[in-house]
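Colleague: After the sequence you'll find the predicted model.
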Number of protein chains: 2
Amino acid sequence: MKKLEIIGYGTAFPKNTVKFGNDIRYKIEKSETQLELAVEACKKAIKKSEISIEEIDCIVWASAVGVQPIPCTAALIHERIAFGTDIPALDINTTCTSFITALDMMSYLIEAGRYKTVLIVSCDVASIALNPEQKESYELFSDGGAAVILRQSEKDKGIISAIQKTWSEGAHSTEIRGGLSNLHPKNYSGKTEKEFMFDMNGKTVLSLSIKKIPDMVKEFLHKGNITIDDIDMVIPHQASMAMPFVMEKLGIPQKKYINLVREHGNMVSASVPVTLCTAFDRGIIKSGDIILLIGTAAGLTTNLVIMKI
Amino acid sequence: MKKLEIIGYGTAFPKNTVKFGNDIRYKIEKSETQLELAVEACKKAIKKSEISIEEIDCIVWASAVGVQPIPCTAALIHERIAFGTDIPALDINTTCTSFITALDMMSYLIEAGRYKTVLIVSCDVASIALNPEQKESYELFSDGGAAVILRQSEKDKGIISAIQKTWSEGAHSTEIRGGLSNLHPKNYSGKTEKEFMFDMNGKTVLSLSIKKIPDMVKEFLHKGNITIDDIDMVIPHQASMAMPFVMEKLGIPQKKYINLVREHGNMVSASVPVTLCTAFDRGIIKSGDIILLIGTAAGLTTNLVIMKI
């Protein structure tokens, strides 16, 4: 086990929500920004952890889309919460599962003593790039952020096991094609505008997920000599309304996973840490529990982490 | 020491060059793309390593700017070199020093046995976003890519020590502000076009670097009980024409560092691995040597890695 514990966490949501039927979705307004939301989540996490900024050894931005192409977004977070310090700042990205990837990777650096205390922040504001004509994604995605502070621990807490797999058969099933080198913003026009919007083929993603993920989970649990019965709660990426269907395929009973799709929608990279924070806040998970973080991301990538909290 | 060795590497450059005085700069033309350049570097690295793609355990994209906002660029590289496999793919970003950060971070996962063989690829094509009116950056930056394959090793080779520091006083000294959430491409116009271009204040970067980096290097070497005399060759980021001045401030004699600024320009994230590959190809470094990788990045971030190759 890579020993670490969560010593603080915080979430941030836009003021405004919209409703599609009974489903609530958060949308930033003009006065709100991705950076502000992320900073708010960081500040809450630092406050809850009761540590000072100087105790943080590394700031990790773990989101799908950044604030600007240069510098890396972690440097902009640094400017707002750690100005005047020399804390290293870096970005890790596997789109929707960036938080799980960052948690997984940083656990090795914490285990080895490189960093003792690490802040991971995930925040996405999909609403600015959604295509109103693509109902499936337009009514699913939502804006939000969450930050978590990890600390090396001597307690019986930490990462038990982790795995990531990427199947690029799904590389074009979830995309924003325009904005960087593939299609520089100078090419933006009425004709190309959709290339700069979120584009998802939910059916293709679901079909590839169902084909690949059950075997991956089975193999992962088997290798770790763990069963679903050993896991207290599953913290899934809030990928879509199809969550109950996917969970059934994975053999995870309804009482063992948290479904916030109606309440929150899919908050892209913030989805997993927001679900984790919500589970803490609502008393759904508690100290000593074994949790499974699971998520699919554009790629198609899937990440799994088993953690004793 | 985190034991690993470089078992393959490859570089890729655009066909066309331009000259500013005696300085050569590479520029992609319309038929060339960042993704193609990166894939070419990966294929060369795989060929040189004499391994099959299935032997690679993780694909890491370590560049300043990606191909498209979603998915992460490593998934697009995966599609071109590892289609049909389930190799995990992820992005790590500290702008110009992304390669050093990725090497540093992945060394922990290799050391712990999570991954045995890792491909890191860095590629940037600054030319598509340079501002012709900003002579300093327009005549400095250049396009290119490099890939390196690392493998866990039982030999006396690997990462001896590493450090990263970020000082966000420099967060706005090197920027591309538009393209992502801060300024979505829908805001592109004749008035805003410069916001979507590379913008660097070289003097501010140099002044902050000189203020911070000599102390950082001194402290790093002191802690590792290493002197400049113990290092066979310094592989620097080809940041600017000021390299001899900076190296002098760091106490590194001219024969101990590689200066390719005239030949190559600043290739952003590709700069450090291209310099490393060039040093191998020209016999400037050889098996058993101790090298120091050093670079500054937008942020301002500085990374140092001491490695026995």
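Modeller: That came in fine, so what should we check first?

Colleague: would you list every one of the strands in chain A?
Modeller: Assigned strands in chain A, in chain order: A:2-12, A:17-20, A:23-26, A:58-61, A:89-93, A:117-124, A:144-152, A:158-166, A:174-175, A:199-200, A:233-236, A:290-297, A:301-308 (criterion: DSSP state E).

Colleague: Distance to chain B, mean neighbour count and mean pLDDT added to those strands, as TSV?
Modeller: (Glycine included, C-beta is placed from N, CA and C.) Shown next, in TSV, are the strands of chain A (distance: least, Cβ to the nearest Cβ, whole Å; neighbours: other Cβ atoms under 10 Å in any protein chain shown; pLDDT from 0 to 100):
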stretch	distance to chain B	mean neighbour count	mean pLDDT
strand A:2-12	9	22	98
strand A:17-20	19	13	97
strand A:23-26	15	21	97
strand A:58-61	8	26	98
strand A:89-93	4	29	98
strand A:117-124	8	29	98
strand A:144-152	12	28	98
strand A:158-166	4	21	98
strand A:174-175	5	24	96
strand A:199-200	9	21	95
strand A:233-236	19	22	98
strand A:290-297	7	24	97
strand A:301-308	7	25	98
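
Colleague: These into CSV, with extra columns for distance to A:L130?
Modeller: As requested, these are exported to CSV (distance: least, Cβ to Cβ, whole Å):
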stretch, distance to A:L130
strand A:2-12, 20
strand A:17-20, 11
strand A:23-26, 10
strand A:58-61, 22
strand A:89-93, 20
strand A:117-124, 11
strand A:144-152, 14
strand A:158-166, 25
strand A:174-175, 13
strand A:199-200, 10
strand A:233-236, 22
strand A:290-297, 18
strand A:301-308, 21
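
Colleague: And these: which comes nearest B:S207?
Modeller: Closest approach to B:S207 among these is made by strand A:89-93 (20.3 Å; Cβ to Cβ).

Colleague: Render the CA-only coordinates of the closest one in CSV, please.
Modeller: C-alpha atoms of strand A:89-93 as CSV (Å, rounded to 0.1, in the frame of the first residue of the first chain):
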residue,chain,number,x,y,z
ALA,A,89,3.4,23.1,-10.2
LEU,A,90,2.6,20.7,-13.0
ASP,A,91,-0.4,19.4,-15.1
ILE,A,92,-1.4,15.8,-15.6
ASN,A,93,-4.1,15.0,-18.1
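
Colleague: buried stuff in stretch A:79-92?
Modeller: For stretch A:79-92, the neighbour count (16 or more other Cβ atoms under 10 Å in any protein chain shown) marks A:E79, A:R80, A:I81, A:A82, A:T85, A:D86, A:I87, A:P88, A:A89, A:L90, A:D91, A:I92 as buried.

Colleague: residue ranges of the helices in the stretch 51-200 of chain A, please?
Modeller: Applying DSSP state H, counting those that start in this stretch to the stretch 51-200 of chain A gives helices spanning A:73-81, A:98-111, A:135-138.

Colleague: Contact partners for A:I228?
Modeller: With contact set as Cβ atoms under 8 Å, 6 or more residues apart in numbering or on different chains, A:I228 has these partners: A:L221, A:G251, A:I252, A:P253, A:K256.

Colleague: mind listing what the nearest residue to A:V148 once chain neighbours are set aside touches?
Modeller: Spatially, and ignoring its direct neighbours in sequence, A:V148 is nearest to A:Y9 (4.7 Å; Cβ to Cβ, 6 or more residues apart in numbering or on different chains). Residues counted as contacts of A:Y9 (Cβ under 8 Å, 6+ apart) are A:K44, A:A45, A:K48, A:A146, A:A147, A:V148, A:I149, A:P273, A:L276, A:C277, A:F280.
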